[in-house]
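>>> Give me coordinates for this.
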Amino acid sequence: MRRRGRLLAAASFLAAISFPASIAGATARATLDVEPLEATVGDRLAVVLGVELPADAVLELPTLGPRLGPFTVFEGAWEGPIVVEGEEVVRYRWTGALGAFETGELEVPAIHLRVEGSGETEPLSTDPVRVDIVSVLEDEELSAAEAAELADIKPPVSIAADYGPLRAALIVFGVLLGVAAVLWWLQRRYASKLAAVAAPEDPFHRMPPHEWVYNELKGLLERRIAEQGQIDLFYGDLGWILKRYLSGRYRIDLMEHTTEEVGPLLEQAGAPEAALEAIDRALGACDRVKFARERPGPPAWREAVEAVYDIVDETKPILAEPDPAVKGVA
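Below is the predicted model:
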C-alpha cells in the first residue's frame, strides 16, 4: 500500500506539470489536478483543469462530460479569461467533480484543447492521470474466528402471534356498528315527528291577492320587455301572474296545470262564469305565443294586459260598505 501511495503521488505530480505549446513564440500551459488519487467506488474526486496562455491567445472552451473515460462528470464550470495585472498571460480554469463506479487503476484521459493566437490554431493537451479506485470492502478482512462466528448463525426464533389488538379492534367496531343501527332505527321511527314543519309559502307577502296582482302588472309594464322584442317573455310572465293571482284568490294550486285544466278547477272553487271565459281566452293567448310562436303586435299586448285587469276586477272580493243607519244607531 505504501508503494502504491508513492506511485500515485508521483503520478499526481506529473499530472500537475504543464505541457507547453508554442503559439506565436510564447508558451501555453495546461495542467490537470485530481484529488485524491486513491478513492472508493462512488467517491467524488475534485478536479481542476488550469490553462495559461499568452495575452493575445484565446481558448475555445470545451464542454467536459458527461463522461471522461471511465469517470462520470458530476458537475463542472469554466472560469476565465482571468487577466493577471503585471503579467502578459491570461488564465482559464475548469473546476468540477468526477466519480467512478468500478474498481481498479483507472485513468482520467488526456483533455485536448484548441487555442487560437495571432491567426494560428494550436492543440494543447493535458497528461492522463491515473486514479486507484478500491472497493469499500477491500480493507475489511475477516479473521478465521470471525468468519466461523458469522457462519454459526442461529435460525430465527418463532414468536407466538398476539391477537389481542385485533380482538380489541373488532370489539370497538362491533360497538360502533350497534350504535349506528340504533340511531338508524330511531331516525326511521321518529323522523316524521321530529321534523320541522315548513312555513307555508306566502307569495303575496300578507297583502290581498288583487293588490298584489295590480303591483305585478304595473311592474311588468314598466319593464317594457315586449317593446324590446322579448314577446315570449312578456306573455310568459303575464300568464304566470294571472295563474298566481287565481291560485291565491281561490286557494287552489294552478301553477302546474294546463289551460284546459284551470277552468274546471276554478269552476269548482266558485269563480263566476263570465270570468271563466275571459280567463280561458287570456291563458290561451299566452299559450299561443309560447307554443305556436305567434308574434302579436303592440295593440294585442295592451289588450292582453287590460284583459287581466278585467279578470281581477271581476274576481276580487267585494268589500261590504258600512251601513250609515247602523252607524247612526250607536
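
>>> pLDDT weak spots in this protein?
Where the chain drops to pLDDT under 70, the residues are 1-26, 118-121, 137-155, 192-203, 205, 319-330.

>>> 80 instead, please
1-27, 55, 65, 80, 84-88, 117-123, 136-158, 160, 191-206, 318-330 (pLDDT under 80).

>>> domain ranges for it?
2-134, 209-315 (automatic domain parsing).

>>> Backbone torsions only: list them for the residue lying closest to residue 117 once chain neighbours are set aside.
Distance criterion Cβ to Cβ, 6 or more residues apart in numbering; nearest residue to residue 117, sequence neighbours excluded, is residue 57 at 3.4 Å. For the C-beta atoms, the positions are set from N, CA and C on the backbone; glycine is no exception. Main-chain dihedrals, residue 57, degrees, to the nearest 10: phi -100, psi 150.

>>> just checking, residue 57 touches residue 124?
No. Between residue 57 and residue 124 there is no contact, the gap being 9.5 Å when judged by Cβ atoms under 8 Å.

>>> Which neighbours do those two have in common?
28, 115 (Cβ atoms under 8 Å, 6 or more residues apart in numbering).

>>> Tell me the spacing between residue 170 and residue 69.
64 Å (Cβ to Cβ, to the nearest Å).

>>> what does residue 207 give?
For residue 207, the distance to residue 69 equals 98 Å [Cβ to Cβ].

>>> thinking again about what came up before, including distance to residue 187 and mean neighbour count, could the domains of the chain go into TSV?
Formatted as TSV, those follow (distance: least, Cβ to Cβ, whole Å; neighbours: other Cβ atoms under 10 Å):
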stretch	distance to residue 187	mean neighbour count
domain 2-134	66	16
domain 209-315	31	16
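
>>> Reformat these as CSV; add distance to residue 166.
What follows is the domains of the chain, written out as CSV (distance: least, Cβ to Cβ, whole Å):
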stretch, distance to residue 166
domain 2-134, 45
domain 209-315, 58
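
>>> Partner strands of the longest strand seen in the chain, with direction?
Taking DSSP state E as the criterion, the chain has its longest strand at strand 71-83. Pairing partners of strand 71-83, with direction, according to DSSP bridges: strand 67-68 (antiparallel), strand 89-99 (antiparallel).

>>> Neighbouring strands - and their directions - for the helix or strand that the longest one is followed by?
For strand 89-99, the succeeding helix or strand toward the C-terminus, using DSSP states H and E, is strand 104-108. For strand 104-108, the pairing partners within the sheet under DSSP bridges are strand 129-134 (antiparallel).

>>> just the CA coordinates of the partner strand, formatted as CSV?
What follows is strand 129-134, C-alpha atoms only, in CSV (Å, rounded to 0.1, in the frame of the first residue of the first chain):
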residue,chain,number,x,y,z
VAL,A,129,-4.0,10.9,-14.7
ARG,A,130,-4.2,7.5,-13.0
VAL,A,131,-6.6,7.1,-10.0
ASP,A,132,-6.8,3.9,-7.9
ILE,A,133,-10.5,3.0,-7.2
VAL,A,134,-10.9,0.4,-4.5
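
>>> Looking at the strands paired with strand 71-83, which is nearest to residue 133?
strand 89-99 (9.2 Å; Cβ to Cβ).

>>> from the chain's centre, how far out does the closest one sit?
Its chain's C-alpha centre and that of strand 89-99 lie 44 Å apart, by Cα atoms, centre = their mean, to the nearest Å.

>>> which other residues reach that strand?
Contacts of strand 89-99 (Cβ under 8 Å, 6+ apart): 34, 42-55, 57, 59, 61, 64-65, 68, 71-84, 108.

>>> go with 6 Å
Residues from elsewhere that reach strand 89-99 (Cβ atoms under 6 Å, 6 or more residues apart in numbering): 42, 44-45, 47-53, 55, 59, 71-72, 74-76, 78-83.

>>> Stretch 176-191 too?
With Cβ under 6 Å, 6+ apart as the test, stretch 176-191 has no contacts from any other residue.

>>> So what does the spatially closest residue to residue 269 that is not a sequence neighbour look like in phi/psi?
Leaving aside its sequence neighbours, residue 269 sits nearest to residue 250 (Cβ to Cβ, 6+ apart; 3.9 Å). Recorded main-chain torsions at residue 250 are phi -110, psi 10, according to degrees, to the nearest 10.

>>> Since that was my last question, I'll sign off now.
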